[in-house]
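Undergrad: here is my input, please return the structure:
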Amino acid sequence: MYIASLIAKPGTLDPALVVSLRDAFGGAEVVWLAPGEAAEFALPARPANFDEARESVAAQVDLNIVVAEGRQKRMLLADMDSTMIQQECIDELAEEAGVGAHVKDITARAMNGELDFEGALIERVALLKGLPESVIDNVVAERITLMPGGKELIERMHAAGGHAALVSGGFTAFTARVAALLGFDENRANTLQIEEGVLSGEVGRPILGKQAKVDALEQITARLGITEADVIAVGDGANDLGMLNRAGMGVALHAKPSVQAQCDLRVNHGDLTALLYLQGYAKA
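TA: Got it, this is the predicted structure:
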């Protein structure tokens with residue numbers, strides 16, 4: 001059994017559109033998880049015309065198909081930058097260093113899979129050399145905002161006995177703070193090297209990239225005694241693809257085009273509460 005999930009910006013999900021898709025797919029009764037925002041209906045099989053239908057409504061709604069059995073997951077594995085927070089931390093540090101535009105261009109290309117992640121990270125961190133360590137606190141306080149729905153996502157999964165891990169290609173100086181704010185159980189990331197109170201322009205080795213996120217998936221599930229099918233993973237960049245394609249549910253959240261093209265589950269209209277709707281939780 002499958003579930004067709006429809007998620008839109010609050011107040012914009014048209015009941016007539018939901019019914020029209022249900023009828024086109026031959027689905028069961030519509031269930032509203034959040035009026036005007038999230039609805040779903042059961043399907044006996046994945047519709048042959050799903051891709052065409054998804055493309056036709058993409059400007060209005062996130063249309064996804066999930067397997068009904070085991071859809072409520074026991075672990076969240078999340079990227080940080082542009083996923084749990086709305087910014088890329090290295091881009092914000094670069095603004096402080098006066099090289100914001102250059103670094104943002106490199107970041108965008110790396111996240112879209114156009115550049116080698118490790119090489120791009122080394123190049124960007126080198127441009128931060130000489131920044132005072134205190135700039136990290138300034139960036140967290142003044143430039144970083146949480147992605148809507150993050151706290152609700154983690155609280156709901158914790159209430160169901162779940163585990164939450166933050167795994168980032170960014171830096172521990174940020175993941176530790178974000179993890180504490182949102183209630184993550186653990187976090188992993190790269191380390192900015194600091195010497196005598198200033199950034200040295202170096203990043204600690206080994207560098208955590210795409211494989212490190214897959215390693216986290218394998219290691220944490222083994223430690224918890226669960227399977228990869230029990231995990232919902234979320235991210236937006238090319239370095240997230242490994243974990244997204246291995247997890248039971250891999251969600252591309254407001255992701256780069258090349259990432260969306262390689263993920264079955266895509267969220268462009270909803271926030272992080274979409275990950276709860278995909279698991280069948282109602283807003284109530």
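
Undergrad: which element, helix or strand, includes the closest residue to G183 other than its chain neighbours?
TA: Ranked by Cβ to Cβ, 6 or more residues apart in numbering and with sequence neighbours excluded, the top spatial neighbour of G183 is I154, at 4.8 Å. Every residue, glycine included, has its C-beta placed from N, CA and C. When secondary structure is defined by DSSP states H and E, I154 falls within helix 150-159.

Undergrad: same for that helix, what does it pack against?
TA: The elements that helix 150-159 packs onto, with contact taken as 3 or more Cβ pairs under 8 Å, 6 or more residues apart in numbering; DSSP states H and E, are strand 75-78, strand 163-171, helix 172-182, helix 274-278.

Undergrad: among the ones you listed, which comes closest to T12?
TA: Closest to T12 of the helices and strands packed on helix 150-159, according to Cβ to Cβ: helix 274-278, at 13.5 Å.

Undergrad: now that closest one: mean pLDDT?
TA: For helix 274-278, the per-residue pLDDT values average out at 98.

Undergrad: which residues does it contact?
TA: Around helix 274-278, the neighbours that count as contacts under Cβ atoms under 8 Å, 6 or more residues apart in numbering are 5, 7, 33-34, 37-38, 40, 62, 64, 66, 71, 76, 149, 152-153, 156, 232, 234, 249, 251, 253, 265, 267, 270.

Undergrad: again, 10 Å this time
TA: Around helix 274-278, the neighbours that count as contacts under Cβ atoms under 10 Å, 6 or more residues apart in numbering are 3, 5-8, 33-34, 37-40, 62, 64, 66, 71-73, 76, 78, 149-150, 152-153, 155-157, 232-234, 249, 251, 253, 265-268, 270, 281-283.

Undergrad: circling back: nearest to E133, of the helices and strands packed on helix 150-159?
TA: Closest to E133 of the helices and strands packed on helix 150-159, according to Cβ to Cβ: helix 172-182, at 8.6 Å.

Undergrad: OK, contacts around G26?
TA: Under the criterion of Cβ under 10 Å, 6+ apart, the neighbours of G26 are F41, L43, P44, A45, P47.

Undergrad: rewinding a little: wait, isn't the residue nearest to G183 in contact with A78?
TA: Yes. Using Cβ atoms under 10 Å as the test, I154 is close enough to A78 to be in contact (8.8 Å).

Undergrad: neighbour count: the two, which is higher?
TA: The neighbour count for I154 versus A78, taken as other Cβ atoms under 10 Å, is higher for A78 (31 against 23).

Undergrad: I'd say the more buried one and H163 touch.
TA: No. Assessed by Cβ under 10 Å, A78 is found out of contact with H163, at 11.4 Å.

Undergrad: now the common contact residues for these two.
TA: Residues touching both A78 and H163 (Cβ under 10 Å, 6+ apart) are I154, F184.

Undergrad: can you give me the buried ones in the helix holding I154?
TA: Using 16 or more other Cβ atoms under 10 Å as the burial criterion, the residues of helix 150-159 that qualify are G150, E152, L153, I154, R156, M157.

Undergrad: quick one: buried residues of the strand or helix carrying F41?
TA: Taking DSSP H and E as the definition, F41 sits inside strand 38-43. Neighbour-count burial for strand 38-43, with 16+ other Cβ under 10 Å as criterion, is recorded at A38, A39, E40, F41, L43.

Undergrad: reformat those residues as a markdown table; add pLDDT and distance to G169.
TA: Listed next are these as a markdown table, based on pLDDT from 0 to 100; distance: Cβ to Cβ, whole Å:
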| residue | pLDDT | distance to G169 |
| --- | --- | --- |
| A38 | 98 | 30 |
| A39 | 98 | 35 |
| E40 | 98 | 33 |
| F41 | 98 | 37 |
| L43 | 97 | 36 |
